[in-house]
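A.B. asks: Sharing a model prediction with you, sequence too.
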Amino acid sequence: MTHRYFVWDISPVIFSAGPVTIRWYGLFFAGAFVAGHILMTAVYKKEGRPVEDLSSLMNHLLLGTIIGARLGHCLFYDPVYYLGHPVQILKIWEGGLASHGGAAGILAALLIYSYKKKDQGFLWLMDRIALPAAFGGTLIRTGNFFNSEIIGRPTAMPWAVVFQRVDSLPRHPSQLYESIACLLIFIILGMTYRKDTARNTEGVISGLFLILVFSSRIALEFFKVPQAAYNTEMFLNTGQWLSIPFVLVGMGLIAEVWTDHRFGIFIKDKDANKKWE
């Protein structure tokens, strides 16, 4: 049986005039932060937090995401080239962002921000940021699809996509797989957030976020073309290896909550929260 596969040949550029170029990926990336600001505004209002603090928080997150994602791409996926040409690291407009680096950058930004804002603890912030981060992942992976990048392996499945700007092979739309996964995770986290015990117990939502997002990343990487040349002979690629620590930290957070912070690795104050029941 012969399938007529969906052909994707949209230009990654929406508009270009002189030095000004607007790309689909940039639009989705910006949309992720706009949506994040809207979601965090709703969260802060619901919990009686000062909404005026959000501008500073979002600025920290934006810088942390961009710097972390860029350094992650350069150091994790092509370190030999970028260490030999360090000036190229600054040319972010030429493309190259890594989600694991972005996640690390977000954590660093939250640490810095929570140090400045003593009334907004690190884990409390992580729990709240998890929702917009998951939704943002949906938009950013859709942006990757529009860019015809991070493509999937060849397949004969009827929903395969031919990325005409890459080649003529039908492939897994791996970007959409991740986009859908992030959307489902966002829904799960939203339902969890609505439960008072989960929302008021620091580490629950963060732990679920880390486990679900990075476990799905490990699984869905098997459908992707390896992004680093040295990954081709490895059972697990760079993205999968980098996901494992995040999953373990998420499991640690849930274990801390479930055991009433018996080990005190992530949360020192056992009386800070009620046990999640």
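C.D. replies: Cool, got the structure. Numbers count the residues shown, from 1 in each chain.

A.B. asks: where exactly do the helices run in the stretch 101-250 of the chain?
C.D. replies: With DSSP state H, counting those that start in this stretch as the criterion, the stretch 101-250 of the chain has helices at 122-146, 174-193, 196-199, 204-220, 238-258.

A.B. asks: ok, and what's touching the fourth one?
C.D. replies: Applying CB atoms under 8 Å, 6 or more residues apart in numbering, the set of residues contacting helix 204-220 from outside is 99, 123, 126-128, 130-131, 133-134, 137, 174, 177-178, 181-182, 185, 188-189, 192-193, 198-199, 236, 239-240, 243-244, 246-247, 249-254, 257, 276. (Glycine included, C-beta is placed from N, CA and C.)

A.B. asks: which of these count as buried?
C.D. replies: By neighbour count, with 16 or more other CB atoms under 10 Å, the contacts of helix 204-220 hold 99, 123, 126-128, 130-131, 133-134, 137, 174, 177-178, 181-182, 185, 189, 192-193, 198-199, 239-240, 243, 246-247, 249-250, 252-254, 257, 276 as buried.

A.B. asks: picking up where we left off before, which one of the helices of the stretch 101-250 of the chain has the poorest average confidence?
C.D. replies: Least confidently modelled of the helices of the stretch 101-250 of the chain is helix 196-199, at a mean of 86 by mean pLDDT.

A.B. asks: Show me how far that helix is from its chain's centre.
C.D. replies: In this view, helix 196-199 has its centroid 23 Å away from the chain centroid, taken as CA atoms, centre = their mean, to the nearest Å.

A.B. asks: Who are the packing partners of that helix?
C.D. replies: If you count contacts as 3 or more CB pairs under 8 Å, 6 or more residues apart in numbering; DSSP states H and E, helix 196-199 packs onto helix 174-193, helix 204-220.

A.B. asks: How about the secondary structure of residue 4?
C.D. replies: Following DSSP: H, G, I helix; E, B strand; the rest coil, residue 4 is assigned to coil.
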